[in-house]
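# build me a structure from this.
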Amino acid sequence: MEEKPAGPGVLEQAAREVEAEVKRVLEFVEERVVPRARQDGEKVLRRISEELNRWADHLHDSK
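Sure, this is the predicted structure:
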């Protein structure tokens with residue numbers, strides 16, 4: 001049996017399904033991943049800042 005090419009309606013439906021899935025992924029990233037990454041990034045920056053301050057204090061005290 002020869003398969004008929006997909007009509008425009010089938011392609012439009014597939015495109016809508018893909019678009020909906022992409023939107024769900026983007027919402028998940030915005031709601032779950034981005035806030036966590038910001039929080040983790042702030043923790044890392046805070047730790048770096050604290051370490052730099054310790055080094056600055058150490059260098060100041062050694063003069």
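# list the contacts for A14?
The contact partners of A14, by C-beta atoms under 8 Å, 6 or more residues apart in numbering, come to none. Glycine gets a C-beta too; all of them are placed from N, C-alpha and C.
# any idea which element it lies in?
helix 8-28 (DSSP states H and E).
# list the buried residues in that helix.
Of the residues in helix 8-28, none has enough neighbours to count as buried (16 or more other C-beta atoms under 10 Å).
# how about the CA coordinates for it, as CSV?
C-alpha atoms of helix 8-28 as CSV (Å, rounded to 0.1, in the frame of the first residue of the first chain):
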residue,chain,number,x,y,z
PRO,A,8,-2.2,20.5,5.8
GLY,A,9,-4.6,19.7,8.6
VAL,A,10,-2.3,17.0,9.9
LEU,A,11,0.8,19.2,9.7
GLU,A,12,-1.0,22.1,11.5
GLN,A,13,-2.1,19.7,14.3
ALA,A,14,1.4,18.4,14.7
ALA,A,15,2.8,22.0,14.8
ARG,A,16,0.2,22.9,17.5
GLU,A,17,1.3,19.9,19.6
VAL,A,18,4.9,20.8,19.2
GLU,A,19,4.3,24.4,20.1
ALA,A,20,2.3,23.4,23.2
GLU,A,21,5.1,21.1,24.3
VAL,A,22,7.7,23.8,23.8
LYS,A,23,5.6,26.2,25.9
ARG,A,24,5.4,23.6,28.7
VAL,A,25,9.1,23.2,28.7
LEU,A,26,9.7,27.0,28.7
GLU,A,27,7.3,27.4,31.6
PHE,A,28,9.0,24.6,33.5
